[in-house]
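Peer 1: Let me see the structure of the following:
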Amino acid sequence: MPSNAAWLLSRVFKPAEAIGTATESATAGARDRGLKIGAALVDAVPVGQDSVEIRVKRAQEAAERAREAEERAVEAARESKALADHARQVSEDGRARMKDVERETNLYVERRLAEAQKDANEFVKRERQAAEADAEEQRREVQEEVDNEIDEAQRDAEESQRGAQEQVEDATEKLAEARRLAHEAAEAARAAADEANRQAQQLATQAEQQASDAEARVKATEGLGDDLATSAKQTARKLRDTTNGGLKSYSKPELVELAASIGINAPTTMTKPQLVGAITKASGRR
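Peer 2: I've put the predicted structure just below:
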């Protein structure tokens, strides 16, 4: 059983390093786009439109927090993989030690038998029994020690895995918050665009140019929201693939929350298999 557990842990955490690289790349791209959009909005929004600038800044800060949460989740996954590798190594070392003890005790029994054979058959019988009892006791003690080491290593690996799962959930929540703030920023920018259009009707050519610029800011800000949503879906899908059991291991409330964070309409009337199918389909389509 310990060797099976070590093998399973190594299979679970094998793709952790590749996921960390993809997550860091996606987060960095979203952050750069957020900074560029924020700079464009600050330059283009008229005096008195501070609420738009503040909302854009909040969206950028939320994107940065989401990136940091992703990095912590990836680091936790890497630490879990290292502990799983250690558990597997402890198990292999224990089996090697048992083989050495088996070989040494067998030699010990044979030496005792050779010495006892010189005296008498009865003495050989007693010595054989005594030697086997000693060997069995030594094997038992070593086996107990090896089992304790394996159990401790497995507990450490399981604890690290739970920590990595908590980091995944935290990253998902922060990505959802970043998307919400980006949506609010887009709405504020659209309101500014509407105001610019109204003024454009009064100021002719100059106002038309302002309206065009405001519309461009709206599209850029909406693009930030779409990028954050895409990053949230991809990150949630990749990070959850590192946990034991995939989406099927989550409870129904957790699946409903995940579906909502990636834009899926998931009412409480849906069954758990339906939620898993909808999330898997949405992830593959995007």
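Peer 1: Using CSV, write out every CA atom in stretch 176-185.
Peer 2: C-alpha atoms of stretch 176-185 as CSV (Å, rounded to 0.1, in the frame of the first residue of the first chain):
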residue,chain,number,x,y,z
ALA,A,176,-13.4,36.1,-10.2
GLU,A,177,-13.0,39.3,-8.3
ALA,A,178,-10.6,40.7,-10.9
ARG,A,179,-13.1,39.9,-13.6
ARG,A,180,-15.9,41.7,-11.7
LEU,A,181,-13.8,44.8,-11.2
ALA,A,182,-12.8,44.8,-14.9
HIS,A,183,-16.5,44.6,-15.8
GLU,A,184,-17.2,47.6,-13.5
ALA,A,185,-14.4,49.6,-15.2
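Peer 1: top helix in the chain by residue count?
Peer 2: helix 121-240 (DSSP state H).
Peer 1: Can you tell me which helices and strands it packs against?
Peer 2: Packing partners of helix 121-240 (3 or more CB pairs under 8 Å, 6 or more residues apart in numbering; DSSP states H and E): helix 2-13, helix 16-44, helix 50-117, helix 252-261, helix 272-285. (Each C-beta comes from the backbone N, C-alpha and C, glycine too.)
Peer 1: packing partners for the shortest one?
Peer 2: Meaning helix 252-261. By 3+ CB pairs under 8 Å, 6+ apart, helix 252-261 packs against helix 121-240, helix 272-285.
Peer 1: same question, the longest one
Peer 2: In this structure, helix 50-117 makes packing contacts with helix 2-13, helix 16-44, helix 121-240, judged by 3+ CB pairs under 8 Å, 6+ apart.
Peer 1: Which one of the ones you listed has the poorest average confidence?
Peer 2: Of all the helices and strands packed on helix 50-117, mean pLDDT reaches its minimum on helix 2-13 (a mean of 48).
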